[in-house]
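1. Need a 3D model of the sequence below.
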Amino acid sequence: MTSASVPASEAPPLRDAHERRIPAPVFWELVAHLARRQLDTKHQLTLLGWAWPLTRQLAQLAVLVFIFSAVFDLGIDDFPVFIFIGLIAWTWFATGVGDGAWSITGQRHMILLSRLPKAALPLVAVVVPLVDVIIAFPVLLLMLAIGDELRWSLLLCPLLLPLQALLMAGFAWLAAAGSVFFRDVPNVVALGLTLAFYLTPVFYGLKSVPAKYEWVLELNPLTTIIESYRALLLGEPGPGALRIALVAAASAAIAIVGYLVFQRLEPRFADHQ
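-> Residues are numbered from 1 along each chain as shown. Predicted coordinates for the structure are as follows:
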């Protein structure tokens, strides 16, 4: 039997699977569903469960506070809170982008689901560690309250979350798509994140950096985002409206490019699994 003799109702809807557009509410509902499922799987059969991410952050905080206050004093006020703010933002970024690089190659069974919008998978990698941020935030508020540092400006912090998520989504889409064709990409991402940790003011501030090198750190958009969090929570000098606007524009550009590249390469994913 030739392909011409196959009834149209029985023919596989290959083009339809790629061209079908899912309404935005349905798309985000799918992202939320996949994120919930991944969170349930992630914390199954663990004693601490949802507390593990917070435990890791607090352990890392204790080490950094000991090293950079007792051993190498950087002279930063409210140092534990200062570091914890940076750690929360950095951990979300590093986990989301790092997991995003594996979101396609690590879930080959999902690629075979023709009607599943593959662009949702890197977004799930970004959303899942956001729960860790939500869990850590009450601990941060307690630390601020103990230090008598609670400010009304902390209510503006949620405005920065979409900006960081936009930046992460762009990188996650690019890394996920690249990993399908070049399996070295997740390793390159992991190496890049390791280096970026030291080039991001997580455990130090721009004041601790010689003025001639500040521009290097300011090229990192996460520097502006972390500085903005600290400005709202600790009353630190903010990065300024111009820098925030530039980072917002850069994040939007990275997200758009990442999404377009991902969509362009998506039809070839199944052939490289």
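2. What is the neighbour count of residue 134?
-> Close neighbours of residue 134, defined as other Cβ atoms under 10 Å, add up to 9. Where C-beta positions appear, they are placed from N, C-alpha and C, glycine not excepted.
3. how close does it sit to residue 162?
-> Using Cβ to Cβ, to the nearest Å, residue 134 is found at 14 Å from residue 162.
4. Just the residues contacting stretch 214-224, thanks.
-> Under the contact criterion Cβ atoms under 8 Å, 6 or more residues apart in numbering, stretch 214-224 has outside partners 89-90, 93, 164, 167, 196, 199-201, 206, 209, 239, 243-244, 246-247, 250-251.
5. Show me just the buried residues among the residues you listed.
-> Among those, those scoring as buried are 89-90, 93, 164, 167, 196, 200-201, 206, 239, 243-244, 247, 250-251 (criterion: 16 or more other Cβ atoms under 10 Å).
6. and the gap between residue 124 and residue 28?
-> Look at residue 124 and residue 28: by Cβ to Cβ, they are 11 Å apart.
7. Tell me which of these two has more neighbours.
-> Using other Cβ under 10 Å as the criterion, residue 124 and residue 28 rank with residue 124 on top: 25 against 14.
8. show me the residues around the residue lying closest to that one once chain neighbours are set aside that make contact.
-> Nearest residue to residue 124, sequence neighbours excluded (Cβ to Cβ, 6 or more residues apart in numbering): residue 34, at 4.6 Å. Neighbour list for residue 34: 120-121, 124 [criterion: Cβ under 8 Å, 6+ apart].
9. now residue 22
-> 30, 117.
10. Tell me the secondary structure at it.
-> Look at residue 22: counting by DSSP: H, G, I helix; E, B strand; the rest coil, its state is coil.
11. Kindly report the same for residue 122.
-> In three-state terms, and counting by three-state DSSP, residue 122 is helix.
12. number of nearby residues for it?
-> When counting by other Cβ under 10 Å, one arrives at 31 neighbours for residue 122.
13. follow-up on the earlier one: of the buried ones among the contacts of stretch 214-224, which belong to strands?
-> Among the buried ones among the contacts of stretch 214-224, no member is found in strands (DSSP state E).
14. Only the buried residues of whichever strand or helix holds the residue nearest to residue 124, if you could.
-> Using DSSP states H and E, residue 34 sits within helix 24-42. By neighbour count with 16+ other Cβ under 10 Å, helix 24-42 contains the buried residues 30-31, 34-35, 38-39.
15. could you give the mean pLDDT of it?
-> Mean pLDDT, helix 24-42: 87.
16. Now residue 202: closest residue in space that isn't a chain neighbour?
-> Once flanking residues are discounted, residue 202 sits nearest to residue 86: 3.7 Å by Cβ to Cβ, 6+ apart.
17. what's the helix or strand where that neighbour lies packed up against?
-> Assigned by DSSP H and E, residue 86 belongs to helix 79-102. If you count contacts as 3 or more Cβ pairs under 8 Å, 6 or more residues apart in numbering; DSSP states H and E, helix 79-102 packs onto helix 51-65, helix 120-127, helix 130-146, helix 160-181, helix 185-198, helix 221-234.
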